[in-house]
Structures are given as C-alpha cells and as structure tokens.
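Asker: build the 3D model from these lines:
(one chain, ligands or ions: 2)
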Amino acid sequence: MVLVVNNVSKIFKSRSKETVVFNSLNLNIRKGEFLCLIGPSGCGKSTLLNIIAGLEQATEGEVLLEGKVVSDPGPDRIMMFQEAALFPWLKVIDNVIFGLKIAGVKKGEAYKMAERYLHMTHLSQFKNAYIHELSGGMRQRVALARCLCMDAEIMLMDEPFGALDSQTRFILQLELQKIWEATKKTIIFVTHSVEEAVLLSDRIVLMSANPGGIKKIYEINLPRPREVDSDAVVHQMSSVLKDLKEEVGKVAKAEFDTDWCL
Ligand SMILES: Nc1ncnc2c1ncn2[C@@H]1O[C@H](COP(=O)(O)OP(=O)(O)O)[C@@H](O)[C@H]1O
Ligand SMILES: [Mg+2]
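Answerer: Ligands and ions are numbered 1, 2, ... in the order given. I've put the predicted structure just below:
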C-alpha cells in the first residue's frame, strides 16, 4: 500500500455549528492504481483529498504515506483542481515550469522537463501562447503538464475535467489514461460522473453522506481502453449508478424533505 487512510475523522467546527464530514474512514490505496472517488455533493470527497494532500488536518486518525504520517503538503503529492489556476501574464511553458522554478530547478533543465510534458499533453506548438489564447480543454492540459512536471508519485485530482464539454472531456480522459500508463503514477481522482469513473478506474470508492463514509468499493477489472457503449461498461455503470442514486436520494430527503424521483 502506498497510502493508508487510517480511522480518519473530520469535523468542521464554527461558533454556531459542527459539521461531521466523516467518522473513522479507512481506505488503502495501492501503488500505481487509478482510484476514483464518487458520491453525492457534500459527502467529503474534496475534504478527503485535501487531508491526503496535507492541505487540511484530520480531526482524528492519520494518513500514512509509505508508512510515514502525512501532516503537510510534500513533493510526493500534487493536487489538480477543476479550475486551472494559471498565470495569464506567463506563456504556457512558463506556467508549466513555475513549480520547478520555485523548487530551485535550473532554468535549462526545467524547460527540458516542460518540453517533455508539453509533448505528452499535445501542447508543444502552443508553448509560447498566453493563457487567454487557449480553450478550456487546453488550459486543463497546461495544468496537467504543470502537475506532471513536478513528478510527484501521487496525483490528487479534484474533478479536473468537471468544467469541460463532453467531447473535450473524452479526449482528456483518453490522454490521462495514456499518461497514467506511461508514468505509473498513483492517481486519486474525484468525479461526479459514473461514466468517467468506470472508464478510468481500477477501483471506484462510492462515498455516502451525512456523515460521510465509504459505502462500497468496486473493482473494475475491465480491459483498457474501455468503450463507453460496451456491454461490460454499461453493466458496471448501471450498478454504480443505482447505488449512487440511493445516496443522492438520501441527501435530497435530508436537505429538502422530499422524495426525489431519480
Ligand atoms: N472549510 C470548511 N469549513 C466548514 N465546512 C466545510 C469546509 N469545507 C467543507 N465543509 C463542509 O464539509 C462537507 C464536505 O464538503 P466537501 O469535501 O467539499 O464535499 P464534496 O467534495 O464531496 O462535495 C460539506 O458539508 C461542506 O459544507
Ligand atoms: Mg468537492
């Protein structure tokens, strides 16, 4: 196991209320696996990712990375978000090397690394473009190249393709799979799309809400590349979707006191 989430609880406290996000959550993440987290909005997917990243502290329990307790962000983990936080005044390539520069890597070497990942993300011909000249999909590719450049063993991706149109999303899913196969990274990927989770994952972790926790873990033993309309994928999607709908229904009932027809 590369990462062990050991009895982790998270409670947000403010003067007026206490939010128990999850209690005693346990999860083992295998080296090199592609793991998707899925669950109703507010169930704690981002919170769990942030705790693994070391950006947020667990109220109880601990996260172990190769046996060592995680308490801060570190070079072994990198986070990618739905909105690429890119610098508009910098060219694509300078956005990509930004983290390397901060880490003290010499300019020549940083550019060399950036070229490699720009090639991998099909951005080589746009390396001197500015961010406003790029589409949403290309911006996320820049963010991906920037993440890859840092060469962290673990990539934590919080709905990275969530804001993209479905065609762009599809292309980026294919590209990410190829990159994952080529680089052997461990990826923890949050998505609200069951389709995306089934297409990409080795395992899907379905989280429940109020308080959050793990409802079910699915092993997706389907050969890659996966076709969205193949019988096996459709069958797997429908079984995850059924469980997810149940969880979403519970949240809707608690929040709006209504039975939703999902
Ligand atoms: N910084 C915070 N302070 C207080 N409550 C928070 C904070 N961050 C998240 N929460 C609450 O924790 C719960 C889980 O949030 P989040 O992890 O963002 O869910 P998800 O990513 O699954 O949609 C929600 O109820 C949210 O309102
Ligand atoms: Mg979230």
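Asker: all contacts plus neighbour counts: C-alpha atoms, from now on.
Answerer: OK.
Asker: now the strands for the stretch 1-150 of the chain?
Answerer: 3-13, 18-29, 34-38, 60-65, 68-69, 77-80 (DSSP state E, counting those that start in this stretch).
Asker: what are the pairing partners of the fourth one, and which direction each?
Answerer: When sheet partners are counted by DSSP bridges, strand 60-65 sits next to strand 3-13 (antiparallel), strand 68-69 (antiparallel).
Asker: relative to residue 209, which of those strands is closest?
Answerer: strand 3-13 (12.9 Å; C-alpha to C-alpha).
Asker: residue contacts, residue 60?
Answerer: 7-10, 24 (C-alpha atoms under 8 Å, 6 or more residues apart in numbering).
Asker: count the neighbours of the closest residue to residue 85 other than its chain neighbours for me.
Answerer: Closest residue to residue 85 apart from its sequence neighbours, by C-alpha to C-alpha, 6 or more residues apart in numbering: residue 143 at 7.7 Å. Residue 143 has 25 neighbours, counted by other C-alpha atoms under 10 Å.
Asker: residue 143 and residue 250: what is the separation?
Answerer: 35 Å (C-alpha to C-alpha, to the nearest Å).
Asker: most packed of the strands of the stretch 1-150 of the chain?
Answerer: Compared across the strands of the stretch 1-150 of the chain, strand 34-38 shows the largest average neighbour count, a mean of 26 (mean count of other C-alpha atoms under 10 Å).
Asker: what sits up against that strand?
Answerer: Contacts for strand 34-38 (C-alpha under 8 Å, 6+ apart): 29, 45, 186-194, 197, 200-207.
Asker: got the angle between that strand and strand 18-29?
Answerer: Interaxial angle, strand 34-38 versus strand 18-29 (axes from the mean of the first three to the mean of the last three C-alpha atoms, to 10 degrees): 160 degrees.
Asker: show me how far strand 34-38 is from its chain's centre.
Answerer: How far strand 34-38 lies from its chain's middle: 7 Å, per C-alpha atoms, centre = their mean, to the nearest Å.
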